[in-house]
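Q: with the sequence up front, the predicted model follows.
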There are 2 protein chains.
Amino acid sequence: MTIDLSGWSCPLPLRDEPNIMLGHGGGGKMSAELVEHLFLPAFDNAALRSLGDGAVVAGASRLSISTDSFVVHPRFFPGGDIGELAVNGTVNDVAMCGAVPRYIAVAFILEEGLPMQELGVIVDSMARAAKAAGVALVTGDTKVVDRGHGDGIFITTTGVGVLGDDVEIGPDRARPGDAVLVSGTIGDHGMAIMSVREGLDFESTIKSDTAPLNHMIATLLEAGVEVHTLRDPTRGGLAATLTEIAVASGVGVLIDERSVPIDRVVQSACEMLGMDPFHVANEGKLVAFVAAEDAERALAVMRGFEIGTRAAIIGEVVAGHPGMVVAKTAIGSTRVIDTQIGEQLPRIC
Amino acid sequence: MTIDLSGWSCPLPLRDEPNIMLGHGGGGKMSAELVEHLFLPAFDNAALRSLGDGAVVAGASRLSISTDSFVVHPRFFPGGDIGELAVNGTVNDVAMCGAVPRYIAVAFILEEGLPMQELGVIVDSMARAAKAAGVALVTGDTKVVDRGHGDGIFITTTGVGVLGDDVEIGPDRARPGDAVLVSGTIGDHGMAIMSVREGLDFESTIKSDTAPLNHMIATLLEAGVEVHTLRDPTRGGLAATLTEIAVASGVGVLIDERSVPIDRVVQSACEMLGMDPFHVANEGKLVAFVAAEDAERALAVMRGFEIGTRAAIIGEVVAGHPGMVVAKTAIGSTRVIDTQIGEQLPRIC
């Protein structure tokens, strides 16, 4: 894959150093220049401009807080990059309890020698993602580690959202009878990373699905859909997410395998590599458990979004086999969908 | 320095793997075991137990948010370790606007092969620091990178605090006439790291000053001290902190060099290494700019804390030389205290 870095030009005061140096993390003038000429213009907002040790922002009576480190390798991949992923991933985690994401804090761990150009492109990408999600990047930190003790760039994002007083959504709230929906095809992100990392060519490029899901969630709630549980099936894929919910709610989940949307190229890539798409990570999909009578309405809301055109009702919650996820297969038999022991694909997010 | 790891014993379900493996960051069963048997017992609280993607917590009308990555090398040093530092550092940054720190989110980036024992000791240390500071560790994330692409452990902590409606403290609020105080000796943390990293022996061990400062700040405010500006002089030391405040407030700062408290061993270590203690990092000290008439009261409050026994009034704010920090030296001359260009001591926090 060719990375196009041409869209970014280094601000004049940073041009003397084409690569990140230890001093950029030292809290001195080089750090200040990076903040002033790179981060501030990209993420501009009032809270960030005050440059205190912490940002002061407006609050609410209930908050949702989530944090994630992003160590994805490679840092540029079809459909996105580590920066976009770091914003979307945290926006999504904050939103999964029904909260509206508002603020993002970002902490960079840079390796000495990282090209300034790549950092610039990643920062631009984060700024665009924050704008698309409607969140303000209000505070941050930059550390630089010596060459050989990091891997270019690691990004930790922490999100804070505000939660309406009447919203009660959680992994322990699924109830027998609930319909289970997924907002689109599964496995895209993991297979995109896998294919670029391993240099595999398929008939067409598999792209990461990285996207913010907060607008879809807000619309589901505005439409009056009785939502019990929301999760984004990232590491561990759909299998881990459904199992976690089954365990947390003490219910069984019954999936109709044929109804789970999977992109044809992703499917054949999985088959070629002996992987189960149910275990492959997604970065722009949500799983929703909703009251059965609201299932069709929820589906219509999802399909109204460009990222939700392939949304589907994939199963239901049952009282039997609590803590377990069972799938009806294409040939009419059933199989237990289990969680992986370790890591199928390391460093996919 | 000998690291004493004997106080921690690995929980039974984790004993099969004496070292961190990639699977501990994979979102599968190994990840779940680490959370269930290590993180949950250490950090136990209701918000964390719910194990959603984000934590749901009570809010307030104004919030303070701060984030910091900790990459300190070595990860155990005299007076503390990376875990304690990661909690105290973020607690302090949240508190510097006068907010009360309440919640901490923690994200670990572990390198494959990190001894489980070391992670255990660090986690215990974080739990104790959180308890001492009065903050709850409500959500977290763990990533594992392949051997050679990290450095044992990096920790990113993000803090959220609640800010009273009538509190107005910021780096741009210093006014001519204000008294400038520091809560204790400067340079201890940076020189502690330096001495252990370089294997230097001084007449006694220099210990890091890592400590939470939020209780001292709360007591200053309760005592009715008119506080204008608070900062903890970490990277870049007292020099960078005073300069930032002088620039942000558009005032001059005049320091009496003889009044700045410096530990005798730290002073001689700095002299031996040709370093200026004004540029060396602190991790448990604050600089306060207060109304002149409240200076003695502020000093009494600081000295009432064990970490503040050597607090001192070190100077004043002047209308002249805006944006500049000037020190009167011991021999009666003056010198400009400037910020470093790059990094004096890499990876001290």
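A: Yep, it's here.

Q: partners of the helix or strand where A:Val253 lies, with directions?
A: If you go by DSSP states H and E, A:Val253 is part of strand A:252-256. Applying DSSP bridges to the sheet, strand A:252-256 is found paired with strand A:312-318 (antiparallel), strand A:325-328 (parallel).

Q: could those strands go into CSV alongside mean pLDDT, mean neighbour count and distance to A:Ser31?
A: For glycine as for every other residue, the C-beta is placed from the backbone atoms N, C-alpha and C. CSV is the format used below for the strands paired with strand A:252-256 (pLDDT from 0 to 100; neighbours: other CB atoms under 10 Å in any protein chain shown; distance: least, CB to CB, whole Å):
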stretch, mean pLDDT, mean neighbour count, distance to A:Ser31
strand A:312-318, 98, 20, 48
strand A:325-328, 96, 21, 48
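
Q: export those strands to CSV and tack on distance to A:Arg175?
A: Formatted as CSV, the strands paired with strand A:252-256 follow (distance: least, CB to CB, whole Å):
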stretch, distance to A:Arg175
strand A:312-318, 6
strand A:325-328, 16
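
Q: residues making contact with the strand holding A:Val253?
A: With contacts defined as CB atoms under 8 Å, 6 or more residues apart in numbering or on different chains, strand A:252-256 is touched by A:174, A:176, A:180, A:242, A:245-246, A:314-328, A:337.

Q: got the residues of the stretch 151-300 of chain A near chain B?
A: By CB under 8 Å from any CB of the partner chain, the residues of the stretch 151-300 of chain A that approach chain B are A:151, A:154, A:156, A:158-163, A:170-172, A:231-232, A:234-236, A:240, A:248, A:281.

Q: again, 10 Å this time
A: For the stretch 151-300 of chain A, the residues found near chain B under the criterion CB under 10 Å from any CB of the partner chain are A:151-152, A:154-163, A:167-172, A:229-237, A:239-241, A:243-244, A:247-248, A:279, A:281.

Q: so which of those sit within strands?
A: A:Phe154, A:Ile155, A:Thr156, A:Thr157, A:Thr158, A:Gly159, A:Val160, A:Gly161, A:Val162, A:Thr229, A:Leu230, A:Arg231 (DSSP state E).

Q: of those, just say which sits nearest to A:Arg15.
A: Proximity of these to A:Arg15 (CB to CB) peaks at A:Ile155, which lies at 23.6 Å.

Q: show me the contacts for the closest one.
A: By CB atoms under 10 Å, 6 or more residues apart in numbering or on different chains, the contact list for A:Ile155 reads A:68-72, A:75, A:82-83, A:85-87, A:89-90, A:106-110, A:122-123, A:126, A:140, B:69, B:156.

Q: look up how far A:Glu306 lies from the nearest residue to it once chain neighbours are set aside.
A: With CB to CB, 6 or more residues apart in numbering or on different chains as the criterion, A:Ile155 has its nearest non-adjacent residue at 4.2 Å, and that residue is A:Ala86. Distance, A:Ala86 to A:Glu306, by CB to CB, to the nearest Å: 22 Å.

Q: A:Gly25 too?
A: A:Gly25 is 39 Å from A:Glu306, by CB to CB.

Q: just A:Thr329 next, same as before
A: To A:Glu306, A:Thr329 is 31 Å away according to CB to CB.

Q: looking at those two, which has the bigger crowd around it?
A: A:Thr329 (12 against 8; other CB atoms under 10 Å in any protein chain shown).

Q: hmm, the more buried one is touching A:Phe278, no?
A: No - in this structure A:Thr329 lies outside contact range of A:Phe278 using CB atoms under 10 Å: 11.6 Å.

Q: shared neighbours, those two?
A: By CB under 10 Å, 6+ apart, the residues touching both A:Thr329 and A:Phe278 are A:Ile255, A:Glu257, A:Arg335.

Q: buried ones among the residues you listed?
A: A:Ile255, A:Glu257 (16 or more other CB atoms under 10 Å in any protein chain shown).

Q: what helix or strand is A:Ala105 on?
A: strand A:100-111.

Q: got the buried residues for the strand holding A:Val253?
A: Residues A:Gly252, A:Val253, A:Leu254, A:Ile255, A:Asp256 are the ones in strand A:252-256 that count as buried (16+ other CB under 10 Å).

Q: show me what the mean pLDDT comes to for that strand.
A: In this model, strand A:252-256 has a mean pLDDT of 98.

Q: got it, and stretch A:213-224?
A: Stretch A:213-224 comes out at a mean pLDDT of 98.

Q: how about stretch A:96-106?
A: The average pLDDT within stretch A:96-106 is 96.

Q: just stretch A:339-348 next, same as before
A: For stretch A:339-348, mean pLDDT is 74.

Q: what's the span of that stretch from first residue to last?
A: 17 Å (CA to CA, to the nearest Å).

Q: just stretch A:96-116 next, same as before
A: Criterion CA to CA; first-to-last residue distance in stretch A:96-116 is 34 Å.

Q: list the buried ones in it?
A: In terms of neighbour count (16+ other CB under 10 Å), stretch A:96-116 has its buried residues at A:96-114, A:116.

Q: quick one on the thing from earlier: buried ones among the ones in strands among the residues of the stretch 151-300 of chain A next to chain B?
A: A:Phe154, A:Ile155, A:Thr156, A:Thr157, A:Thr158, A:Gly159, A:Val160, A:Gly161, A:Val162, A:Thr229, A:Leu230, A:Arg231.

Q: farthest-apart pair in those residues, please.
A: Top of the distance list for those (CB to CB): A:Phe154 and A:Thr229, 30.5 Å.

Q: so which residues of chain A form helices?
A: Here chain A has its helices, by DSSP state H, at A:29-34, A:40-43, A:46-49, A:82-95, A:116-133, A:188-198, A:214-222, A:237-249, A:264-273, A:295-303.

Q: residues making contact with the second one?
A: It refers to helix A:40-43. Against helix A:40-43 from outside (CB under 10 Å, 6+ apart): A:11, A:34, A:48-49, A:51, A:83, A:104, A:106, A:120, A:122-128, A:130-131, A:136-140.

Q: sweet, I'm off.
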